[in-house]
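Enquirer: Take this sequence and fold it.
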Amino acid sequence: MTHLDAGTEVDPGHPLPAPVGTGGLSSAEVAERVARGQVNDVPVRSSRSVADIVRANVFTRFNAIIGVLWLIMLFVAPVQDSLFGYVILANTGIGIIQEWRAKKTLDSLAVIGEAKPTVRRDGTAVEVSTSEIVLDDLIEIGPGDKAVVDGVCVEADGLEIDESLLTGEADPVVKRPGDRVLSGSFVVAGGGAFQATKVGREAYAAQLAEEASRFTLVHSELRSGISTILKYVTWMMIPAATGLIITQLFVKENALDDSIARTVGGIVPMVPEGLVLLTSVAFAIGVIRLGRKQCLVQELPAIEGLARVDTVCLDKTGTLTEGGMDVTELRILGGNDEEYARKVLGALGESDPRPNASLQAVIDAYPDAEDWRCTESLPFSSARKYSGASFSEGDGESSTWLLGAPDVLLAPGDPALAETESLNEQGLRVLLLARTGRELDDPRVAEDAKPAALVVLEQRLRPDAADTLRYFAEQNVRAKVISGDNAVSVGAVAAKLGLEGTTVDARLLPHDKDGMAEALDEGTVFGRVTPQQKRDMVGALQAHGHTVAMTGDGVNDVLALKDADIGVSMGSGSEATRAVAQIVLLNNSFATLPSVVAEGRRVIGNITRVATLFLVKTVYSVLLAVMVVCWQVEYPFLPRHLTLLSTLTIGVPAFFLALAPNKERAKPHFVRRVMRYAIPGGVVAALATFATYLIARHHYTGEGSLDAETSVATLTLFLISMWVLAIIARPYTWWRVLLVASMGAGFLLVLVVPWLQEFFALRLVGVTMPWVAVGIAAGAAATLELVWKWVDRRFPA
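Expert: Numbering: from 1, shown residues only. Next comes the predicted model:
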């Protein structure tokens, strides 16, 4: 371990802070810094405050429009014409409660999944929460650890740090005492310690990420699609509402209160107020459901994103196999002494204070040779594919050894490679122990290394991996296994899990993006992939139009996880992978992924369905307003009529439909897919309703005629809206049939119960006009069926 001393050169641009000693801060010094506010208080990535949730649900454009109209109606009309306002209050309350529940779920899971950096205080290494780190803390780091604050390196033992997520620099940077350490970078090899110089919002990564890392729905196609629709709706509303106000208040000479009520009755249904709420609630309930399965969703659109994925890239270790391994055999090469090889392996295990899974298996199998002393070490890195150490042996001899991938350390054609190949074909992992005559810091240290033994490791397959791979295959999601291990070994493991396809050595892949994408389309299993290649592979697939999910748990997966459309990390994975992933499987179960896909499909499929319901209403409301203006007649409805229709044909059924299971594969072009049904549906409903209204105006005369005209127009519009609901609810299940029938029964109840007739001002007069209304609605329903079938053929989604 190299320690900072008086002779160390320091980068003059970044002078060292006052040294705190190798034992770190004392408790008194920590308390003093906490009192001064020098604490690492950074925003929690997965959450937002209750105030933010309330603000987002209450202060919306449409709540403002409806709120003003509601206040007007409270003064000028009976309470039943103000019911729409109470519906909005209920909607807003439901939205706030569900998002608050989602926040609680996320916060509790975030605590479970939170990285706990190791700091030295009072001479002892202790784990603390990221938010408890203070200025000048001495923080220990090793492979896979992320630097959570800015600092200066104080100790380094082969410390290599990847800063590519911050600077774009692809190669790891070797750090020595006095070098700057940036928050957001992560260790790829070696270990050491650094002293915190900037904490909280002053830290480099915190400044970059503060806005981007907050709880967000911004990158969701669903949310952006709904925003686009709402923008168009606003543009349509303004001229239609203006015309309606002029017609009803100034042109028609009715009582002022009645004119205002009918004007408001025309404007309110133009607003698809429940659509945004239902989307938020669907996402929030998705988070809660996944939280129960120990799945932490760090960014909500990840639920939607995984449902759109068509290619999932899997790292073998920790995803298809469990993290641990077992040494099953030691094969001696070249007549070497087995006892001596065991001593070397024991000493190599002892030389690395932070062993990876392979080296841990070696440590478990071979105890340390106590009389051997490590004089220099080379930590393992995914780019190198080997580690090494120099020893002073008990008898005074010195030697340097390497342990790593046989096909990297051996020259092509070496006899040991054939033996390795046959072991790899059985799905076994093989490490080569080789002696080198070169120094460890020599770039050509692996050249001319003399093989001494093959260490054979057995990997433990995850019991749930085969079922999960089968699920992806059934859902037409292609699985690509991308691993740093030997290609033949990885291919054998994949075959045991039932994953068929070509096995490719990534060292032979083309370097250009198109060539790589074609090779990725043809192959299924890729071995000897470097961390940079994993990133390039993800980019090549995306360039060819694929939506890519990447799963991994090691530090070599970080770059690919960051670039993938959806990054999925295991809870036991390195701190760096958990930090960049959008989804963390805290129970380390690969089998949780189908639940995430199913949840995403439920959200997307169901919101697409219910959005059609809401937007049919918006389209027919705007068209009815336009026709009322053109014909210079009273608006046919009071607010109470449309509140009743909206509740029975949209509000209540939409809530159930939005939360129902849905296994349809998510499709792109949300806006187009919704509007291709909503526009013809709204046009048919508006024309049929207005036709009924005009016929009724000729049929009814005298006092009370307007109420009778309104009643038959309401009947027509309700029957058409029910037919739209019946189409949207397909394919039918028992509960969907019951849902549609219950809504119809609710309207029938209003028509037959006298006090409800009076409350909603709905009374069918005579026999002729009601039957005309039913006939027109039946014709409109048949037209809807034909038009929507034609739309399906003419404008396929």
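
Enquirer: Check the protein for me, the residue farthest from its geometric middle.
Expert: Most distant residue from the mean C-alpha position of the chain: residue 702, 62.2 Å away (Cα atoms, centre = their mean).

Enquirer: For that residue, grab phi and psi.
Expert: Dihedral angles phi and psi of residue 702 (degrees, to the nearest 10) take the values phi 90, psi -170.

Enquirer: quick one: it and residue 270, what's the gap?
Expert: With distances taken as Cβ to Cβ, to the nearest Å, residue 702 is found 32 Å from residue 270. Any C-beta I mention is one placed from the backbone N, CA and C, and that applies to glycine too.

Enquirer: go on, residue 751?
Expert: 26 Å.

Enquirer: Compare those two (neighbour count), which wins?
Expert: residue 270 (25 against 17; other Cβ atoms under 10 Å).

Enquirer: So which residues of the stretch 401-550 of the chain form helices?
Expert: 406-409, 415-424, 465-474, 487-496, 513-522, 531-543 (DSSP state H, counting those that start in this stretch).

Enquirer: Show me which positions of the fifth one end up buried.
Expert: Neighbour-count burial for helix 513-522 flags 513, 516-517, 519-520 (criterion: 16 or more other Cβ atoms under 10 Å).

Enquirer: Of those, just say which sits nearest to residue 497.
Expert: Among those, residue 520 lies closest to residue 497 (Cβ to Cβ), at 19.4 Å.

Enquirer: Can you give me the pLDDT of the closest one?
Expert: pLDDT for residue 520: 91.

Enquirer: show me the contacts for it.
Expert: Shown in contact with residue 520 (Cβ atoms under 8 Å, 6 or more residues apart in numbering): 480, 526, 537, 540-541.

Enquirer: Equivalent analysis for residue 260, please.
Expert: With Cβ under 8 Å, 6+ apart, residue 260 has these contacts: 72-73, 76-77, 248-249.

Enquirer: one more time with 10 Å
Expert: By Cβ atoms under 10 Å, 6 or more residues apart in numbering, the residues touching residue 260 are 69, 72-73, 75-77, 81, 245, 248-249, 254.

Enquirer: Give me the phi and psi angles of the closest residue to residue 345 other than its chain neighbours.
Expert: Nearest residue to residue 345, sequence neighbours excluded (Cβ to Cβ, 6 or more residues apart in numbering): residue 366, at 4.3 Å. Main-chain torsions, residue 366, degrees, to the nearest 10: phi -130, psi 110.

Enquirer: And for residue 366, the neighbour number?
Expert: 21.

Enquirer: so who does residue 193 touch?
Expert: Going by Cβ under 10 Å, 6+ apart, residue 193 touches 1, 3-4, 22, 24, 118-120, 125, 137-142, 151, 153-157, 159, 177, 181.

Enquirer: do residue 384 as well
Expert: By Cβ under 10 Å, 6+ apart, the contact set of residue 384 is 160, 188-189, 378, 402, 404-405, 408, 445-446, 530.

Enquirer: Closest one of those residues to residue 355?
Expert: For the contacts of residue 384, the nearest to residue 355 is residue 189 (12.2 Å; Cβ to Cβ).

Enquirer: how about that closest one, secondary structure?
Expert: Under DSSP: H, G, I helix; E, B strand; the rest coil, residue 189 falls in the strand class.

Enquirer: Same question for residue 195.
Expert: Under three-state DSSP, residue 195 comes out as strand.

Enquirer: do residue 154 as well
Expert: strand.

Enquirer: Tell me where the stretch 251-400 of the chain has strands.
Expert: 295-297, 311-314, 321-332, 373-378, 386-392, 398-404 (DSSP state E, counting those that start in this stretch).

Enquirer: Sheet partners, orientation included, of the second one?
Expert: To tie it back to what came earlier, the one meant is strand 311-314. strand 478-482 (parallel), strand 548-552 (parallel) (DSSP bridges).

Enquirer: what's the closest of these to residue 706?
Expert: So among the strands paired with strand 311-314, strand 548-552 is nearest, using Cβ to Cβ, at 58.8 Å.

Enquirer: Return the closest one as CSV; C-alpha atoms alone will do.
Expert: Extracted as CSV, the C-alpha positions of strand 548-552 are listed here (Å, rounded to 0.1, in the frame of the first residue of the first chain):
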residue,chain,number,x,y,z
VAL,A,548,-32.0,-2.0,-25.7
ALA,A,549,-32.1,-3.1,-22.1
MET,A,550,-28.8,-4.0,-20.4
THR,A,551,-28.5,-6.0,-17.2
GLY,A,552,-25.3,-6.4,-15.2
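
Enquirer: distance between that strand and the chain's centre?
Expert: 11 Å (Cα atoms, centre = their mean, to the nearest Å).

Enquirer: now stretch 755-775
Expert: On Cα atoms, centre = their mean, the centre of stretch 755-775 falls 50 Å from the chain's centre.

Enquirer: List the buried residues for it?
Expert: Going by neighbour count (16+ other Cβ under 10 Å), the buried part of stretch 755-775 is 759-762, 764-765, 769-770, 772-773.

Enquirer: Stretch 427-447 now?
Expert: 427-434, 436, 438, 440, 445-446.

Enquirer: before we move on, back to that, output the helices of the stretch 401-550 of the chain in TSV; the columns should cover distance to residue 632.
Expert: As requested, the helices of the stretch 401-550 of the chain are exported to TSV (distance: least, Cβ to Cβ, whole Å):
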stretch	distance to residue 632
helix 406-409	85
helix 415-424	84
helix 465-474	60
helix 487-496	73
helix 513-522	62
helix 531-543	57
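
Enquirer: Looking at those helices, spot the one closest to residue 284.
Expert: helix 465-474 (25.3 Å).

Enquirer: That closest one - what's its average pLDDT?
Expert: 89.

Enquirer: can you state the direction angle for it and strand 548-552?
Expert: If you take axes from the mean of the first three to the mean of the last three Cα atoms, to 10 degrees, helix 465-474 sits at 180 degrees to strand 548-552.

Enquirer: just the CA coordinates of stretch 85-93, formatted as CSV?
Expert: Extracted in CSV, the C-alpha atoms of stretch 85-93 (Å, rounded to 0.1, in the frame of the first residue of the first chain):
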residue,chain,number,x,y,z
GLY,A,85,-65.8,20.5,-9.6
TYR,A,86,-66.1,17.9,-6.9
VAL,A,87,-65.0,15.2,-9.4
ILE,A,88,-61.8,17.2,-10.1
LEU,A,89,-61.2,17.5,-6.3
ALA,A,90,-61.6,13.7,-5.9
ASN,A,91,-59.3,13.1,-8.9
THR,A,92,-56.6,15.4,-7.6
GLY,A,93,-56.9,13.8,-4.1
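
Enquirer: Name the residues of that stretch that are buried.
Expert: For stretch 85-93, using 16+ other Cβ under 10 Å, the buried residues are 85, 87-88, 91-92.

Enquirer: returning to that earlier point: ok, the residue nearest to residue 345 to residue 344 distance?
Expert: 9 Å.

Enquirer: pLDDT below threshold where in this protein?
Expert: Under the criterion pLDDT under 70, the flagged ranges of the chain are 1-21, 42-48, 110-114, 164-170, 204-219, 251-254, 300, 323, 797.

Enquirer: Could you check the angle the longest helix belonging to it makes with helix 465-474?
Expert: Counting by DSSP state H, the longest helix found in the chain is helix 593-631. With the same axes, to 10 degrees applied, the angle from helix 593-631 to helix 465-474 works out at 30 degrees.

Enquirer: Just the buried positions in helix 593-631, please.
Expert: Result for helix 593-631 [16+ other Cβ under 10 Å]: buried residues 593-629.

Enquirer: Much appreciated, bye for now.
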